[in-house]
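*Asks:* Quick one, structure for this:
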Amino acid sequence: MKAFDHPAMFPEELARRILLLFSFQGNVVLDPFAGVGTTCLVAKKNGRFYLGIDNSQQYCKTALKRLDEIMFM
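*Replies:* Got it, this is the predicted structure:
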């Protein structure tokens with residue numbers, strides 16, 4: 001949480017398990033409270049498309065930076 005300056009982050013593994021259980025590769029995952037993009041990041045890593053929405057410009061910038069760091073896909 002400190003690394004991304006967000007008070008309520010959850011582990012990538014939690015998002016991964018939920019996405020694998022409730023979606024298929026190529027599906028679109030919507031996260032209307034994206035924060036710093038953990039769900040979007042996991043979706044991208046697992047072959048899903050994503051749409052993340054947040055009202056904090058700072059969090060959106062952090063999420064975009066995290067997503068840009070993924071070299072595959």
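*Asks:* Which residue, neighbours along the chain excluded, lies closest to E12?
*Replies:* The shortest distance from E12 to any non-neighbouring residue, by Cβ to Cβ, 6 or more residues apart in numbering, is to V42 (5.4 Å). Backbone N, C-alpha and C define where each C-beta goes, glycine included.
*Asks:* shaky segments in the protein?
*Replies:* Applying pLDDT under 70 to the chain flags the ranges 1-5, 7, 71-73.
*Asks:* What ranges does it have for its helices?
*Replies:* 12-22, 38-45, 57-68 (DSSP state H).
*Asks:* Quick one, which of the ones you listed gets closest to V28.
*Replies:* For V28, the closest of the helices of the chain is helix 38-45, at 8.5 Å, according to Cβ to Cβ.
*Asks:* elements contacting the closest one?
*Replies:* Packing partners of helix 38-45 (3 or more Cβ pairs under 8 Å, 6 or more residues apart in numbering; DSSP states H and E): helix 12-22, strand 28-31, strand 49-52, helix 57-68.
*Asks:* could the ones you listed be laid out in JSON lines, adding mean neighbour count and distance to G37?
*Replies:* Shown next, in JSON lines, are those (neighbours: other Cβ atoms under 10 Å; distance: least, Cβ to Cβ, whole Å):
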{"stretch": "helix 12-22", "mean neighbour count": "13", "distance to G37": "10"}
{"stretch": "strand 28-31", "mean neighbour count": "16", "distance to G37": "8"}
{"stretch": "strand 49-52", "mean neighbour count": "18", "distance to G37": "6"}
{"stretch": "helix 57-68", "mean neighbour count": "15", "distance to G37": "3"}
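*Asks:* Could you export the ones you listed as TSV, including distance to T38?
*Replies:* Supplementary listing: these in TSV, determined by distance: least, Cβ to Cβ, whole Å:
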stretch	distance to T38
helix 12-22	6
strand 28-31	8
strand 49-52	9
helix 57-68	8
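*Asks:* Among those, which comes closest to H6?
*Replies:* Set against H6 and scored by Cβ to Cβ, the helices and strands packed on helix 38-45 come closest in helix 57-68, at 6.5 Å.
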